[in-house]
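Chemist: curious how this folds, go ahead:
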Amino acid sequence: MSNQHRSFDCTSAELEKAVISRYRHLVTWLPSDCRVFREPWDCSTVLCLDFAKCPYLVSVVQMEAQSLADVAQELGLANAIVFRIGNRFMGWNSSAENC
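Modeler: Purely as a prediction, here's the structure:
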């Protein structure tokens with residue numbers, strides 16, 4: 001018997017998209033041009049914020065790094081945030097021990 005009330009495909013990719021969408025909703029100061037994605041680093045997963053399309057905003061958003069990391073941890077996305085402009089590493093913030 002199929003579930004007729006399924007609101008979306010319950011794959012891990014779809015779940016990740018939904019949680020990242022929720023993250024964006026909660027951190028309203030994050031620019032819409034900032035690309036948000038998860039990436040494995042050593043023994044954990046980090047949340048990457050890529051400012052390639054809005055590099056002039058990275059330093060402004062980095063001032064809220066602790067709040068960004070706290071929300072990411074609260075949603076189970078990651079324990080750390082990495083700030084990038086394309087492939088260039090601009091900084092990071094961690095909310096908890098990663099390993």
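Chemist: my guess is residue 61 contacts residue 81. True?
Modeler: No: assessed by Cβ atoms under 8 Å, residue 61 is found out of contact with residue 81, at 9.7 Å. For the C-beta atoms, the positions are set from N, CA and C on the backbone; glycine is no exception.
Chemist: so where's the protein uncertain?
Modeler: Screening the chain residue by residue with the criterion pLDDT under 70, one finds the ranges 1-10, 96-99.
Chemist: quickly list what's touching both of residue 61 and residue 81.
Modeler: Among the neighbours of residue 61, those also in contact with residue 81 (Cβ atoms under 8 Å, 6 or more residues apart in numbering) are 49, 68.
Chemist: of the two, give the one with the bigger neighbour count.
Modeler: The residue with more neighbours, out of residue 61 and residue 81 and counting by other Cβ atoms under 10 Å, is residue 81; that gives 28 against 20.
Chemist: helix, strand, or coil at the more buried one?
Modeler: Secondary structure assignment for residue 81 (DSSP: H, G, I helix; E, B strand; the rest coil): strand.
Chemist: likewise the one 3 residues further on?
Modeler: For residue 84, the secondary-structure state derived from three-state DSSP is strand.
Chemist: for it, the count of nearby residues, please.
Modeler: Per other Cβ under 10 Å, the neighbour tally for residue 84 reads 20.
Chemist: how much space between it and residue 68?
Modeler: The span separating residue 84 from residue 68 equals 13 Å under the rule Cβ to Cβ, to the nearest Å.
Chemist: which neighbours do these two have in common?
Modeler: With contacts taken as Cβ under 8 Å, 6+ apart, the residues that reach both residue 84 and residue 68 are residue 49.
Chemist: check which residues of whatever helix or strand residue 60 lives in are buried.
Modeler: Secondary structure assignment for residue 60, by DSSP states H and E: helix 58-62. Burial within helix 58-62, assessed by neighbour count using 16 or more other Cβ atoms under 10 Å, is assigned to 58, 61, 62.
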